[in-house]
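Engineer: Compute the structure for the input listed below.
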Amino acid sequence: QVQLVESGGGLVQAGDSLRLSCAASGGTFSSYNMGWFRQAPGKEREFVAVNTWSTGSTYYTDSVKGRFTISRDNAKNTVYLQMNSLKPEDTAVYYCVADRWHRSAQESEYDYWGQGTQVTVSS
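Structural biologist: As a prediction, this is how the structure comes out:
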């Protein structure tokens with residue numbers, strides 16, 4: 001059983017940067033695909049980014065490409081989401097996810113979820 005704990009959320013202004021962290025425990029971190037989803041108020045949860053364990057490949061939703069970077073530190077069992085040039089539309093609860101095999105944008109394919117961390121971007 002994998003446990004995921006996010007941190008790093010907060011209130012920032014448009015154009016600012018923020019780095020989210022997700023600490024994992026209870027599994028072999030280096031063998032899991034790690035990703036992030038987000039859910040804005042009144043909207044469905046959406047895929048943000050994923051990092052694959054096998055090749056280190058990364059995938060992003062179009063709206064964050066060029067602004068967000070997902071990375072991982074296997075020695076620290078932690079995945080990060082560096083968010084630059086933040087926009088008010090990035091306001092959401094951000095969830096860390098993990099799965100041994102899947103790396104798609106479908107939330108139903110991820111076995112493990114964190115509790116979420118709030119990111120609020122003011123204009």
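Engineer: What segments of this structure are strands?
Structural biologist: 3-7, 10-13, 18-25, 33-39, 46-51, 58-60, 68-73, 78-83, 92-99, 112-113, 117-122 (DSSP state E).
Engineer: Spatially central residue for the protein, please.
Structural biologist: Trp36 (2.4 Å; CA atoms, centre = their mean).
Engineer: mind listing what it touches?
Structural biologist: Leu20, Cys22, Val48, Ala49, Val50, Ile70, Val79, Leu81, Tyr94, Tyr95, Cys96, Val97 (CB atoms under 8 Å, 6 or more residues apart in numbering). Every residue, glycine included, has its C-beta placed from N, CA and C.
Engineer: ok, now which ones touch the closest residue to it other than its chain neighbours?
Structural biologist: Nearest non-adjacent residue to Trp36, counting by CB to CB, 6 or more residues apart in numbering: Val48, 4.3 Å away. Shown in contact with Val48 (CB under 8 Å, 6+ apart): Gly35, Trp36, Phe37, Arg38, Tyr60, Thr61, Val64, Phe68, Leu81, Tyr94.
Engineer: so who does Lys87 touch?
Structural biologist: So Lys87 contacts Ala14, Val121 (CB under 8 Å, 6+ apart).
Engineer: how far away is it from Arg67?
Structural biologist: Distance of Lys87 to Arg67, given as CB to CB, to the nearest Å: 8 Å.
Engineer: What separation is there between Gly42 and Ser17?
Structural biologist: 26 Å.
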